[in-house]
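Enquirer: Everything below, folded, please.
(one chain, ligands or ions: 1)
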Amino acid sequence: MNDPKVIVALDVASAEEALALAARLPAQACRLKVGKELFTAAGPSLVGTLVERGHGVFLDLKFHDIPNTTAQACAAAARLGVWMVNVHALGGTRMMSAAREAIEASSHRPKLVAVTVLTSMAVPDLDEIGLAGDPEAAAVRLAGLAQRSGLDGVVCSAREARAMRSRFGAGFALVTPGIRPADAIADDQARIATPASAIRDGSSYLVIGRPITRAADPAAALAAINAEIASATKGQAA
Ligand code: C5P
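Expert: This next block holds a predicted model:
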């Protein structure tokens with residue numbers, strides 16, 4: 001597979017656990033997401049090892065700082081050789097543009113996407129920080145800022161994918177978590193979508209953790225999800 005759609009969330013606490021899990025997942029069948037817990041525990045050397053072993057890595061550190069600091073952090077991520085890195089759209093267009101310019105100046109250019117509104121934020125949480133109104137409208141507005149800043153896409157809920165896709169066009173990457181195969185348990189995810197429905201609604205990449213990482217056979221769970229995605233994609237082409 002040239003451009004695997006599944007990004008497996010390596011939500012584990014140590015380099016040893018992460019490498020053991022990565023060893024069970026074929027690099028050509030998925031990408032791997034390293035988030036704040038694992039990165040804080042295991043650092044850039046783990047990321048470098050995953051990249052050396054041929055894995056596409058999404059460094060999910062959601063940078064949000066002044067433009068120069070964010071840009072330098074993105075440049076450092078590019079030097080690690082990651083496939084994708086992200087920032088908070090709430091940092092604004094000057095910050096996002098600076099981040100984009102920094103990775104464009106790097107010899108290796110990762111994809112750069114923005115987090116819009118964290119899906120953990122409900123209406124009262126948004127009100128409290130002065131973001132009144134409908135969270136979905138705020139997410140679309142922030143995604144517009146990301147596109148205007150030249151970013152490659154956004155992280156969003158699969159439930160928002162259809163609206164985002166029609167508004168922002170085919171070339172804008174939509175990275176969607178909260179995915180559960182029809183026969184999987186929801187865990188603590190409330191608003192879930194199946195891999196096939198997320199792809200049909202316009203998702204570009206699916207972030208999936210526990211249905212793969214906690215499976216008795218993670219490679220088999222991944223293969224089943226990839227088969228579901230392939231048939232949904234074929235259905236779209238037909
Ligand atoms: O195990 P599960 O599939 O629920 O993991 C989903 C991953 O996506 C986790 O790393 C989680 O932090 C992340 N995520 C999410 N919802 C968001 C943004 C990120 O579940 N809105």
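Enquirer: In terms of pLDDT, where does the residue of the chain found nearest the ligand sit?
Expert: When scored by C-beta to the nearest ligand atom, the chain has G209 as its residue closest to the ligand, at 2.4 Å. (C-beta placed from N, C-alpha, C; glycine too.) G209 is assigned 97 on the pLDDT scale.
Enquirer: hang on, it packs against V6?
Expert: No. Contact between G209 and V6 fails when scored by C-beta atoms under 8 Å: they sit 10.7 Å apart.
Enquirer: Tell me, how many residues neighbour V8?
Expert: 27 (other C-beta atoms under 10 Å).
Enquirer: Correct me if wrong, but it is in a strand.
Expert: Yes. Counting by DSSP: H, G, I helix; E, B strand; the rest coil, V8 falls inside a strand.
Enquirer: list the contacts for it?
Expert: Counting by C-beta atoms under 8 Å, 6 or more residues apart in numbering, V8 touches L21, L25, C30, R31, L32, K33, I208, G209, I212, T213, P218, L222.
Enquirer: Could you do D11 as well?
Expert: D11 neighbours (C-beta under 8 Å, 6+ apart): G35, E37, L38, G209, R210, T213.
Enquirer: Generate a ChimeraX selection restricted to the buried entries among those.
Expert: Per 16 or more other C-beta atoms under 10 Å, the buried members of the contacts of D11 correspond to this ChimeraX selection:
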select :35,38,209,210,213
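Enquirer: start to end distance for stretch 194-213?
Expert: End-to-end distance for stretch 194-213, by C-alpha to C-alpha, to the nearest Å: 17 Å.
Enquirer: Who is the most centrally placed residue in the chain paired with across the strands?
Expert: The residue lying closest to the centre of the chain (C-alpha atoms, centre = their mean) is V175, at 4.7 Å. Going by DSSP bridges, V175 is paired in beta bridges with V155, Y205.
Enquirer: Can you give the contact residues for the longest helix seen in the chain?
Expert: Longest helix in the chain, counting residues (DSSP state H): helix 218-237. For helix 218-237, contacts defined as C-beta under 8 Å, 6+ apart pick out 1, 4-6, 8, 21, 24-26, 29-30, 181, 194-197, 199-200, 206, 208, 211-212, 215.
Enquirer: now stretch 9-21, how far from the centre of its chain.
Expert: Taking C-alpha atoms, centre = their mean, to the nearest Å, the mean C-alpha location of stretch 9-21 is offset from the chain mean by 17 Å.
Enquirer: One more: stretch 219-231?
Expert: Relative to its chain's centre, stretch 219-231 lies at 18 Å (C-alpha atoms, centre = their mean).
Enquirer: got the residues of the chain near the ligand?
Expert: A9, D11, G35, T119, P177, G178, D187, Q189, V207, I208, G209, R210 (C-beta under 6 Å from any ligand atom).
Enquirer: Tell me the one among the contacts of V8 nearest to V47.
Expert: Closest approach to V47 among the contacts of V8 (C-beta to C-beta): L32, at 9.4 Å.
Enquirer: Three-state assignment for that closest one, please.
Expert: Per three-state DSSP, L32 ends up strand.
Enquirer: Surely it is in contact with L25?
Expert: Yes. Using C-beta under 8 Å, L32 is in contact with L25, at 7.2 Å.
Enquirer: joint contacts of those two?
Expert: With C-beta under 8 Å, 6+ apart, L32 and L25 have common neighbours V8, H55.
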